[in-house]
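> make a model of this:
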Amino acid sequence: MNQHMQLEPIPFIDIAAQRRRLGKSVDDAVARVLDHCQFINGPEVTALEKALADYTGAKHVVSCASGTDALLMVLMAKNVGLGDAVLCPTFTFCATGEVVTLTGATPVFVDVDEETFNIDINSLKRGVATARARGLKPVAVIPVDLFGQSADHDAIAAVA
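Got it, this is the predicted structure:
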């Protein structure tokens, strides 16, 4: 059955197609930034933050350089620090636990559900108990949504 048929590979992401569609607008945006030389917090950043605030209805939007910075900013805004525990899923990018340690707090890793790869609620409950048993104050959970599957935020909120 079609053993001799050679199939062309299908690229996971077709960057060339994206470039054909968006190239001119990207080039124009880069040229504008190069012209005014405001590489940090220039007018494009202000415009993006305003557009995001308008779109979401948020009172304030603060952009940042990375997801790591975004997680760290939230923990810092909540004054997470020494003596605090932040519960994190075991199946996540390293930045999830890294940002906790950057605040001085302790990451407490909890198991994930083998079906969804998101936080297992029973493990989260055990993680809270473990943190308390170690003299830490559980103050936050960083749920991670994976593979288009949202964590069970209602169940996580109930435990939190």
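> could you use CA atoms for every contact and neighbour count after this?
OK.
> separation between Phe91 and Ala53?
31 Å (C-alpha to C-alpha, to the nearest Å).
> what count of nearby residues applies to Pro89?
Residues lying near Pro89 (other C-alpha atoms under 10 Å) number 25.
> and for Gly67?
So Gly67, with other C-alpha under 10 Å, has 11 neighbours.
> what separates stretch 89-103 from the chain centre, distance-wise?
10 Å (C-alpha atoms, centre = their mean, to the nearest Å).
> retrieve the pLDDT associated with the residue nearest to Gly83 when sequence neighbours are not counted.
Spatial nearest neighbour of Gly83, chain neighbours left out: Leu136 (5.3 Å); criterion: C-alpha to C-alpha, 6 or more residues apart in numbering. Here the pLDDT value assigned to Leu136 is 98.
> can you give me the strands for the chain?
84-89, 106-110, 137-141 (DSSP state E).
> which of the ones you listed sits most buried?
strand 84-89 (a mean of 26; mean count of other C-alpha atoms under 10 Å).
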